[in-house]
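Novice: Kindly return the folded structure for what I paste below:
(chains A and B)
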Amino acid sequence: MSGAATWTISSVRKALQTREISARELAKEFFGRIERRNPELNAYLALSPERAYAQADRVDAAISRGERLPPLAGVPIAIKDVISTRGVQTTCGSKILETYVPPYDATAIERLEGAGAVLLGKTNCDEFAMGSSTENSAYGPVRNPVALDRVPGGSSGGSAAAVAAGLAVAALGTDTGGSIRQPGACCGIPALMPTYGRVSRYGLIAFASSLDRIGPFAGNVADAAAVMSVIAGHDANDSTSAPVPVPDYAAELEKPVRELRIGVPEDYFGEGLDQEVRAKVQAAIVRLEELGCRRVPLQMPHTDYAIATYYIVATAEASSNLARYDGVRYGLRVPGATLMEMYRNTREQGFGNEVKRRIMLGTYALSAGYYDAYYLRAQKVRSLIARDFAEAFQKVDAIITPTAPTPAFRLGEKTADPLQMYLADIYTVTGSLAGVPGISVPCGKTAAGLPVGLQIFGPHFSEGRVLQLAHAYEKSMSESSSAGN
Amino acid sequence: MKITREDVLRVAQLAHLELTAEEVELYRGQLDEILSYVGKLEELDVANVEPMAQVLFAAAGEAHPELREDVRVACDVAGAVLAQAPDAAKPFFRVPKVIER
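Specialist: Okay, the predicted model is just below:
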């Protein structure tokens, strides 16, 4: 990666405090990296240098006044383009919002900037976060920085690629069925989906409201925890955000993992799991046992029904949420002789294939005569999947699985077959449906050098424990690799 | 599962999508395949299972999100919002005529 320095949140802080670099110089360094690398990766859709430099100057002024720095002072971050940023285009990877510039900031953005973070720009994603490869973006696919002929995963592929390529220190993504964790696994970086309701979604452009969550990507687990500490917590502007106290995640990281019970559900290791992925994940479980965790075999019998459930629930909600794009109030308008014709022309030309497919599927599942057979049945099976998790967490403190069934696949490999693409989320959608937090943490590479992700689920609002286990694992791996050198 | 061309056209109309002839045929086949896969949900007996209508309530326990006080707060964004509209004449969004005389 051209030998560029790897910045972390703590190294940024140290460099700023010792005046080794200013926040403005650091932002400039990152914009230079983006200029060099983005034409190839297509990770960023828009840059926000004015906003970034104004924020960097505020940080530098605070440093020169000798003020105590907020937790993310000067840290360059990237934002998935489904999260509203005042004055900075927010397209959702869609033609229908190509011209849209939000008049307000999402709460997560306000909190990040309030903590001193420097917003570099908006990252590419599957259109309206619908996809598992970022190939559904209207603005072209993102390439995986680890292997350029591969996808970065999706739908938050731009955020994952930006962090993995050193084009941001951390990034926000969103996860509806795996869209943070799966790209984290594909690009080889930690990626956290918090509990449903943990992070405010005010200003997040909705895909499936009972599933959507905002969460961080970072170069290491401690940085993911630092971002979480800033963005988590109740927000009066989001009625689904939970008034549950937020712990100090950095302090949680160092708690001992000895005696934690880790559940390993055999249902996640069946047919369709790549052999190299299986071997890496099994080795990671052994490593956690060596750290003192107690392995508990589990059965989660409804796992196999999760994809079918998810693609009814998520598309039904999407068909409702995306009804708002009609060419009247913002974004694209394609004229028509009548109001109805204008709606239909706008939606036909504004939406891409996958979005239309999901709107069609969701509309079908909600339509008269099919509601009970599809939507209501899926909502009932969702209860069974949530019950699998609730029962498992009676016996264990965390659940360990692969994040994805295969490493990053090749660009174009699955675009012709939507169902095959959907199956890339087979191990992540379960936790999405149940509302629990889950992290993907890198657990080695295949012989071809492709990253493999280990997924750790915890009970509702246990981000601290999930991060703690991921951190302990990451630390032990880096210690053994440096001992081996 | 057999999704017909008529099913696709009916759903497209409900969803306000103007599909091309190629799209109708593409989605017919793909919806048929996806819904056939979804048919596996029929293997489960859900007669006595409640649908999961809320994600958070069971999890958050006592900490249910409360409804906030119904108080007026200033919201001076009309200008900024209308500025995003493809066709606005303050304080309205303008659209093709919907009332026949």
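Novice: Name the residues of the lengthiest helix in chain A that are buried.
Specialist: Among the segments of chain A that qualify as a helix by DSSP state H, the longest is helix A:463-484. With burial defined by 16 or more other CB atoms under 10 Å in any protein chain shown, the residues of helix A:463-484 counted as buried are A:463-477. Heads up, the C-betas are built off the backbone N, CA and C, glycines and all.
Novice: list the helices and strands that helix packs on?
Specialist: Packed against helix A:463-484 by the contact rule (3 or more CB pairs under 8 Å, 6 or more residues apart in numbering or on different chains; DSSP states H and E) you find strand A:191-193, helix A:221-231, helix A:249-253, helix A:275-290, strand A:398-402, strand A:438-445, strand A:451-457.
Novice: with the buried residues of helix A:463-484 in mind, which one is nearest to A:Lys80?
Specialist: Ranking the buried residues of helix A:463-484 by separation from A:Lys80, with CB to CB as the measure, puts A:Glu463 on top at 19.0 Å.
Novice: so what pLDDT did that closest one get?
Specialist: The predicted local confidence for A:Glu463 comes out at a pLDDT of 98.
Novice: hang on, it packs against A:Tyr249?
Specialist: Yes - the pair A:Glu463 / A:Tyr249 is scored as a contact, 6.6 Å apart, by CB atoms under 8 Å.
Novice: Need the overlap of contacts for these two.
Specialist: Taking CB atoms under 8 Å, 6 or more residues apart in numbering or on different chains as the contact criterion, the residues that touch both A:Glu463 and A:Tyr249 are A:228, A:232.
Novice: Can you check what angle separates the longest helix of chain A from helix A:221-231?
Specialist: Helix A:463-484 and helix A:221-231 are oriented at 160 degrees to each other (axes from the mean of the first three to the mean of the last three CA atoms, to 10 degrees).
Novice: now helix A:463-484 against strand A:451-457, angle please.
Specialist: Helix A:463-484 runs at 150 degrees relative to strand A:451-457, counting by the same axes, to 10 degrees.
Novice: which residues touch helix A:463-484?
Specialist: Helix A:463-484 is touched from outside by A:190, A:192, A:194-195, A:198, A:220-222, A:224-225, A:228, A:232, A:247, A:249, A:252-255, A:257, A:260, A:262, A:284, A:287-288, A:290-291, A:293, A:397-398, A:437-439, A:441-444, A:454, A:456-458, with contacts defined as CB under 8 Å, 6+ apart.
Novice: picking up where we left off before, most tightly packed of the helices and strands packed on helix A:463-484?
Specialist: strand A:191-193 (a mean of 34; mean count of other CB atoms under 10 Å in any protein chain shown).
Novice: What segments of chain B are helices?
Specialist: Assigned by DSSP H, chain B shows helices spanning B:5-14, B:21-38, B:56-60, B:78-82.
Novice: export those helices to TSV and tack on mean neighbour count?
Specialist: Written out in TSV, the entries for those read as follows (neighbours: other CB atoms under 10 Å in any protein chain shown):
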stretch	mean neighbour count
helix B:5-14	17
helix B:21-38	17
helix B:56-60	18
helix B:78-82	13
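Novice: circling back: how many degrees apart are the longest helix of chain A and strand A:438-445 in direction?
Specialist: For helix A:463-484 against strand A:438-445, the angle between stretch directions is 10 degrees (the same axes, to 10 degrees).
Novice: okay, helix A:463-484 in CSV with CA atoms only?
Specialist: Once side chains and other backbone atoms are set aside, the C-alpha atoms of helix A:463-484 remain, and they are given as CSV (Å, rounded to 0.1, in the frame of the first residue of the first chain):
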residue,chain,number,x,y,z
GLU,A,463,-21.5,-4.2,22.4
GLY,A,464,-18.9,-3.9,25.2
ARG,A,465,-18.6,-7.7,25.5
VAL,A,466,-18.5,-8.2,21.7
LEU,A,467,-15.8,-5.6,21.4
GLN,A,468,-13.9,-7.1,24.3
LEU,A,469,-13.8,-10.6,22.8
ALA,A,470,-12.8,-9.2,19.4
HIS,A,471,-10.1,-7.1,21.0
ALA,A,472,-8.7,-10.0,23.0
TYR,A,473,-8.6,-12.1,19.8
GLU,A,474,-7.1,-9.4,17.7
LYS,A,475,-4.4,-8.7,20.4
SER,A,476,-3.5,-12.4,20.7
MET,A,477,-3.2,-12.7,16.9
SER,A,478,-0.9,-9.7,16.6
GLU,A,479,1.2,-10.9,19.5
SER,A,480,1.7,-14.3,18.0
SER,A,481,2.4,-12.9,14.5
SER,A,482,5.1,-10.5,15.9
ALA,A,483,6.5,-13.4,17.9
GLY,A,484,6.7,-15.4,14.7
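Novice: Look up which residues are beta-bridged to the closest residue in space to A:Asp175 that isn't next to it in sequence.
Specialist: Taking CB to CB, 6 or more residues apart in numbering or on different chains as the measure, A:Asp175 lies nearest to A:Met193, with 4.0 Å between them; neighbours along the chain are not counted. Partner residues in beta bridges with A:Met193, using DSSP bridges, are A:Gly438.
Novice: Was I right to think A:Met193 contacts A:Gly435?
Specialist: No - using CB under 8 Å, A:Met193 is not in contact with A:Gly435; the gap is 10.2 Å.
Novice: any idea how far B:Ile3 is from A:Gly197?
Specialist: 36 Å (CB to CB, to the nearest Å).
Novice: So for those two, which residue has more residues nearby?
Specialist: When B:Ile3 and A:Gly197 are compared for neighbours, A:Gly197 comes out ahead with 26 against 20, by other CB atoms under 10 Å in any protein chain shown.
Novice: how near is that one to A:Val244?
Specialist: Summarising the geometry, the distance separating A:Gly197 from A:Val244, computed by CB to CB, is 8 Å.
Novice: circling back to that earlier point, ok, the residue nearest to A:Asp175 - contacts?
Specialist: A:Met193 makes contact with A:175, A:180-181, A:213, A:215, A:428, A:431-432, A:437-439, according to CB under 8 Å, 6+ apart.
Novice: Let's see the pLDDT reported for it.
Specialist: pLDDT recorded at A:Met193 is 98.
Novice: hey, which helix or strand in chain B has the poorest pLDDT?
Specialist: Confidence across the helices and strands of chain B bottoms out at helix B:56-60, with a mean of 57, counting by mean pLDDT, DSSP states H and E.
Novice: now A:Gly177, what's its secondary structure?
Specialist: Here A:Gly177 is recorded as coil under DSSP: H, G, I helix; E, B strand; the rest coil.
Novice: Most neighbours out of the contacts of A:Met193, which is it?
Specialist: Neighbour counts for the contacts of A:Met193 peak at A:Arg181, which has 35 neighbours (criterion: other CB under 10 Å).
Novice: residues touching the closest residue in space to that residue that isn't next to it in sequence, list them.
Specialist: The spatially closest residue to A:Arg181, leaving aside those adjacent along the chain, is A:Ser440, at 4.0 Å (CB to CB, 6+ apart). Neighbour list for A:Ser440: A:180-182, A:184-185, A:190-191, A:403, A:453-455 [criterion: CB under 8 Å, 6+ apart].
Novice: of all those residues, which two lie farthest apart?
Specialist: The most widely separated members of those are A:Ile180 and A:Leu454, with 14.5 Å between them, by CB to CB.
Novice: So which residue is dead centre in the chain?
Specialist: The chain I'm using is chain A. Central residue check for chain A by CA atoms, centre = their mean: the C-alpha nearest the mean position is that of A:Ile180, 2.1 Å away.
Novice: Chain B is the one I meant
Specialist: With CA atoms, centre = their mean applied to chain B, the nearest residue to centre is B:Ala15, 8.5 Å.
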